[in-house]
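A.B. asks: how would this look folded up:
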Amino acid sequence: MRKNAGRRRRLGAIEREVLDELSAGDLLYGFLLSAHSTRRMFKLARERANYRYRRRLAIERLEGLQLIRRRGNALSITEHGADALGQVIDKTARLLKKRTPWDRRWRMVVFDIPEKYRRLRNQIRAILKRAGFVPLQQSVWVFPHECEEFVQFIQRESQLAPHILYGVLEKIEGEKELIRRFHLR
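C.D. replies: Numbering: from 1, shown residues only. A predicted model of the protein is given here:
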């Protein structure tokens with residue numbers, strides 16, 4: 001008899017994902033047997049196919065511009081791609097700094113991104129820092145000027161919109177230190 005027979009092993013994110021994919025067939029079968037589901041199933045299938053098609057075209061465009069390269073099934077950003085991304089971030093940072101005088105409101109970006117998206121979470125932190133945001137905590141960042149479009153762009157491009165929130169505050173604790181850091185007076 002095995003020693004660990006009574007002990008359960010915790011499943012990792014990838015293992016859970018594989019099990020979810022394997023159980024998707026059972027879910028689909030149940031879905032098909034439910035009433036009025038065929039139309040919804042075809043709509044979902046069309047949406048997924050459309051997304052895959054647009055994603056494939058975007059990857060091909062990025063490859064054609066030599067911003068990314070393909071190695072088997074893996075994609076990686078090229079040096080030229082990193083430079084282009086850096087230029088976009090720098091341009092956005094300059095636009096954010098050119099804003100009108102401070103309206104005494106704080107713009108806040110809060111995110112709670114799952115561990116399986118750790119790499120994207122770290123990239124979002126780097127983008128916010130480079131754009132001039134200041135961290136209050138690891139996942140709470142503030143900025144003194146209007147930046148809703150910038151945050152919406154990050155949400156859209158990272159496809160993490162459900163995990164990223166944008167808000168405007170009238171007052172925030174520790175405001176004097178933030179005013180000093182942003183050189184607002």
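A.B. asks: same for the lengthiest helix in the chain, what does it pack against?
C.D. replies: If you go by DSSP state H, the chain has its longest helix at helix 38-64. Applying 3 or more Cβ pairs under 8 Å, 6 or more residues apart in numbering; DSSP states H and E, one finds that helix 38-64 contacts helix 13-33, strand 68-71. The C-beta positions use only the backbone N, C-alpha and C, and glycine is treated the same way.
A.B. asks: switch to 7 Å and redo it
C.D. replies: Helices and strands touching helix 38-64, by 3 or more Cβ pairs under 7 Å, 6 or more residues apart in numbering; DSSP states H and E, are strand 68-71.
A.B. asks: can you give me the domain assignment for this structure?
C.D. replies: Per automatic domain parsing, the structural domains of the chain span 25-59, 100-181.
A.B. asks: weakest of those by average pLDDT?
C.D. replies: Ranked by mean pLDDT, these bottom out at domain 25-59, with a mean of 69.
A.B. asks: so for residue 9, what's the pLDDT?
C.D. replies: For residue 9, pLDDT reads 61.
A.B. asks: and what of residue 74?
C.D. replies: pLDDT recorded at residue 74 is 81.
A.B. asks: now the domains of the chain in CSV, please, with extra columns for mean neighbour count.
C.D. replies: Listed next are the domains of the chain as CSV, based on neighbours: other Cβ atoms under 10 Å:
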stretch, mean neighbour count
domain 25-59, 10
domain 100-181, 15
